[in-house]
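S.K.: Sequence isn't available, so here's the structure alone:
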């Protein structure tokens with residue numbers, strides 16, 4: 001069973017058909033939609049501000065989702081994938097976004113829909129990632145547009161796969 005902790009009187013809330021790995025941690029003011037998954041060693045820390053997640057969001061192994069006290073909540077839209085060891089902090093992520101492995105997304109960032117943050121990218125404070133864009137590098141900059149093939153082959157495929165993977169684990173519990 002995942003470590004689920006109440007903090008400052010707030011208890012995490014979960015939608016239907018979610019999977020929480022037994023060593024994941026979800027704390028405080030967290031609201032999760034349906035068909036979400038939180039994977040091994042991932043941490044979602046709503047202790048200092050709120051974290052709202054839409055439907056079909058996956059927080060992969062070792063990723064951290066946090067926020068900033070009295071300054072920056074975190075909101076993740078629908079169909080969002082947060083890659084292994086990524087850090088998502090005090091930002092807004094719209095629908096259909098892939099945040100690559102090891103990426104860092106800082107306070108005040110807005111990632112508009114249908115976008116990709118490349119593995120290892122660092123998206124600096126208050127950056128606006130344009131809809132349909134791929135941002136990469138340190139600091140992250142727009143490198144190209146998301147093609148329909150890339151949208152289906154990466155953003156949609158990964159979100160769908162993590163819904164499927166979570167079913168494997170739910171079936172074995």
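M.R.: It's in. Note that the coordinates shown come from a computational prediction; the quantities given were computed from them, not determined experimentally.
S.K.: Tell me if I'm right that residue 120 and residue 135 touch.
M.R.: No - using C-beta atoms under 8 Å, residue 120 makes no contact with residue 135, being 11.3 Å away. Placement of C-beta: from N, CA and C, glycine included.
S.K.: the more surrounded of these two?
M.R.: Set residue 120 next to residue 135 and count neighbours by other C-beta atoms under 10 Å: residue 135 wins out with 26 against 17.
S.K.: got the contact list for the more buried one?
M.R.: When contacts are counted by C-beta atoms under 8 Å, 6 or more residues apart in numbering, residue 135 touches 115, 116, 117, 118, 121, 123, 127, 129, 141, 142, 143.
S.K.: Can you tell me the closest non-neighbouring residue to the fourth one?
M.R.: What that stands for is residue 118. Excluding the flanking residues, the one nearest residue 118 by C-beta to C-beta, 6 or more residues apart in numbering is residue 136, at 3.5 Å.
S.K.: now swap in residue 121 and tell me
M.R.: residue 140 (4.1 Å).
S.K.: So what's the residue count around the one you found?
M.R.: 23.
S.K.: Tell me which residues touch it, please.
M.R.: 103, 117, 118, 121, 122, 123, 124, 127, 129.
S.K.: Kindly write the ChimeraX command that selects the buried subset of the residues you listed.
M.R.: The following ChimeraX line selects those of those that are buried, judged by 16 or more other C-beta atoms under 10 Å:
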select :103,117,118,121,122,123,127,129
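S.K.: Figure out how far stretch 88-97 is from the centre of its chain.
M.R.: Centre-to-centre, stretch 88-97 and its host chain are 7 Å apart (C-alpha atoms, centre = their mean, to the nearest Å).
S.K.: Many thanks, I have nothing further to ask.
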